[in-house]
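>>> Structure for the following, please:
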Amino acid sequence: MNPCVCAVIPALDEEEAIGQVVRRIPRSLVREILVVDNGSRDRTAERAVQAGARVVSEPEPGYGRACRAGVAALPADCDVVVFLDGDGSDCPEHIEDLVRPIATGTHDFVIGSRIRGRRQNGSMNLSQLIAGRAAGMLLRISYGARYTDMCPLRAIRVDMLNRLRMQEQTYGWNLEMQMRAARHRLRILEIPVGHRRRVGGVSKVSGTIRGTLRASAHIAATFARVIGDRS
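Predicted coordinates for the structure are as follows:
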């Protein structure tokens, strides 16, 4: 199988990083890169276009909303979609490792684990490490799934993603995907991936106490909603 692979990158005020993120994605493997501008007030969209990406505009705030906009804009023949963040912290050199098990037909959903991989000092704070472990424990109890992280760097078959009927608009998007993938019994693989400090700007999740608390609340609400939703 030689799948059509596309990448979706939600981005909000990432002009310092987005160009190099796009340029580091292996174009021999990824046909199209979609950067979803989630209401940026800087030159994120301009820098993304200069680097070779197609920009999709989603002015309404929300990480999950941006991811959904990117999925909706995928070309009709796209087989596999890769998600990664636009701040330079994810490592695009792992995309081939994520896509390979899907291309060979052994798995439907491959997610990176920063916990199991090599992390640059300061790339993750304690709350992120704890959240990943806690989510992994809850999902193992609930579904028998073995996750150690909610890493944004992931790849999934588009037809399987459509089956999941994703609803989350916020930072709970990644957790919802993992929960629904386990519930629908997708063939899931977690692989170690590297992680770097963000290139510039301030993290919307871990950059401030307020951001951390808000993201944590969204993730907790997502877990409660999805665990009670049997669709």
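>>> Which residue lies nearest the spatial centre of the protein?
With the centre of the chain defined as its mean C-alpha position, the nearest residue by CA atoms, centre = their mean is residue 152, 2.9 Å away.
>>> Name the helix or strand for the closest residue to that one other than its chain neighbours, please.
Closest residue to residue 152 apart from its sequence neighbours, by CB to CB, 6 or more residues apart in numbering: residue 85 at 4.8 Å. For glycine as for every other residue, the C-beta is placed from the backbone atoms N, C-alpha and C. Here residue 85 is covered by no helix or strand, with elements defined by DSSP states H and E.
>>> what does residue 186 give?
When elements are assigned from DSSP H and E, residue 186 belongs to no helix and no strand.
>>> give me every residue that touches the residue lying closest to it once chain neighbours are set aside.
The shortest distance from residue 186 to any residue other than its chain neighbours is 4.2 Å, reached at residue 108 (CB to CB, 6+ apart). The neighbourhood of residue 108, defined by CB atoms under 8 Å, 6 or more residues apart in numbering, consists of 102, 156-157, 160, 181, 186-188.
>>> Among those residues, find me the one that's closest to residue 53.
Looking at the contacts of residue 108 and their distance to residue 53, the nearest is residue 156, at 19.9 Å (CB to CB).
>>> Confirm for me that the closest one is in contact with residue 79.
No: in this structure, residue 156 is not within contact of residue 79 by CB atoms under 8 Å, at 10.3 Å.
>>> And the two? Which one has more around it.
Relative neighbour count places residue 156 above the other of residue 156 and residue 79, with 25 against 18, counting by other CB atoms under 10 Å.
>>> how close does that one get to residue 137?
Here residue 156 is placed at a distance of 23 Å from residue 137 (CB to CB, to the nearest Å).
>>> Ok, residue 88 next?
For residue 88, the distance to residue 137 (CB to CB) stands at 29 Å.
>>> between the two, who's got more neighbours?
Of the pair residue 88 and residue 137, residue 88 is the one with more neighbours under other CB under 10 Å, namely 22 against 12.
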